[in-house]
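Q: This is the structure alone, sequence omitted:
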């Protein structure tokens, strides 16, 4: 596959957005290798930006064709363990078709973005990744810096809410089919491990794995979505398999499609609750979830923490969690998101 190194000055000329000048450059794939077809209504380019930890992030910039003046912008990321060539890029391209400059990015330690070791996650750093995307968009000549929103999908829905609670430059937030990664780390699915004893056992297992990894000089991988599927797999695991492990959504850079996170890659979520400050978000928030999604209770729990009459929980009839990953079921409410952002980024 042909690869070229992105040059900061050239990309500023092409995109009107500041590129890293003093950071290590990333080498990015230039072919269209998404899990969705390319739109003829938008211009697409690869860009890079860095977060405050010095990690350089790779992103796809989507700009409406024949647009004039400074436009509202949206940064998009997720699902947790996915890459920008999957759901986040799809959302970004659709919203660009509707008049927004959009930025779909790979979080730190994943995809084409920087950060070592690979396949790690952090509630702090991944929240910062959203804020860094706002840094980039705020300095882009195509964008009105007073009209920037974000979309977080699945586990990055929780990160998006956390970013909105931290960064007042984010004027509107959508969390689609969200996971609260702190809650699932603390309680397990549906509260199945919500006890001090269960958490202590998990801490012991992680501690032993850390010692083993350090001795080995490498991090053991947990594996992506299970494949082949056992006959007794929960129905939502079958839904994940149908997306990540088939032509529908498979991507070779996606941990969920391949070898997954490091076993200790997500340990800090246990002690660092993402949504503690959600009640202080003053800007509008739209939570979108499928009626039949196993994860619906995460959005309901987040909505209970939000305050003000500019917050909404929108339930998509009949939809399961992964129906909001792509356009196969045809139920992602793009019209709803367009109306929400146009109302709140004006």
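A: On my side now, so go ahead. None of these values were measured; they are calculated from a predicted model.
Q: okay, CA-based contacts and neighbour counts for the rest of this
A: OK.
Q: quick one, strands of the stretch 151-300 of the chain?
A: For the stretch 151-300 of the chain, applying DSSP state E, counting those that start in this stretch gives strands covering 170-176, 285-290.
Q: Of those strands, give the one that comes closest to residue 263.
A: strand 170-176 (26.0 Å; Cα to Cα).
Q: Quick one: list the elements packing against that closest one.
A: Where contact means 3 or more Cα pairs under 8 Å, 6 or more residues apart in numbering; DSSP states H and E, strand 170-176 is packed against strand 143-153, helix 155-166, strand 285-290, helix 334-344.
Q: ok, residue 60 - contacts?
A: The neighbours of residue 60, taking Cα atoms under 8 Å, 6 or more residues apart in numbering as the test, are 44, 45, 46, 47, 84, 89, 103, 104, 105.
Q: Just the element for it, please.
A: Per DSSP states H and E, residue 60 falls inside strand 56-64.
Q: distance between that strand and the chain's centre?
A: Its chain's average C-alpha position is 13 Å from that of strand 56-64, according to Cα atoms, centre = their mean, to the nearest Å.
Q: which residues touch the residue lying closest to residue 296 once chain neighbours are set aside?
A: Excluding its sequence neighbours, the residue lying closest to residue 296 (Cα to Cα, 6 or more residues apart in numbering) is residue 289, at 6.0 Å. Residue 289 makes contacts with 176, 177, 178, 296, 299, 313, 314, 315, 316, 319, 321, 324, as judged by Cα under 8 Å, 6+ apart.
Q: any idea how far the helix or strand hosting residue 74 is from the chain center?
A: Here residue 74, judged by DSSP H and E, is contained in strand 71-77. Mean-position distance between strand 71-77 and its chain equals 12 Å (Cα atoms, centre = their mean).
Q: Which neighbours in the sheet does it have, and how are they oriented?
A: strand 101-105 (parallel), strand 143-153 (parallel) (DSSP bridges).
Q: I'd like those strands written out as CSV, with distance to residue 113 added.
A: Formatted as CSV, those follow (distance: least, Cα to Cα, whole Å):
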stretch, distance to residue 113
strand 101-105, 8
strand 143-153, 17
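Q: For residue 246, find the nearest of those.
A: Ranking the strands paired with strand 71-77 by distance to residue 246, with Cα to Cα as the measure, places strand 143-153 first at 19.8 Å.
Q: Tell me who's in contact with the residue lying farthest from the centre of the chain.
A: The C-alpha centroid of the chain is most remote from residue 215, which lies 32.3 Å away (Cα atoms, centre = their mean). Not one residue lies near residue 215 by Cα under 8 Å, 6+ apart.
Q: about what we covered before: of the contacts of residue 60, buried ones?
A: 44, 46, 47, 84, 89, 103, 104, 105 (16 or more other Cα atoms under 10 Å).
Q: Among the residues you listed, which one sits closest to residue 226?
A: For the buried ones among the contacts of residue 60, the nearest to residue 226 is residue 84 (21.4 Å; Cα to Cα).
Q: Give me the pLDDT value at the closest one.
A: Per-residue confidence (pLDDT) for residue 84: 98.
Q: what does residue 144 give?
A: 98.
Q: Could you report the separation of the closest residue to it other than its chain neighbours from residue 232?
A: Closest residue in space to residue 144, ignoring its immediate chain neighbours: residue 70 at 5.0 Å, by Cα to Cα, 6+ apart. The spacing between residue 70 and residue 232, counted by Cα to Cα, to the nearest Å, is 53 Å.
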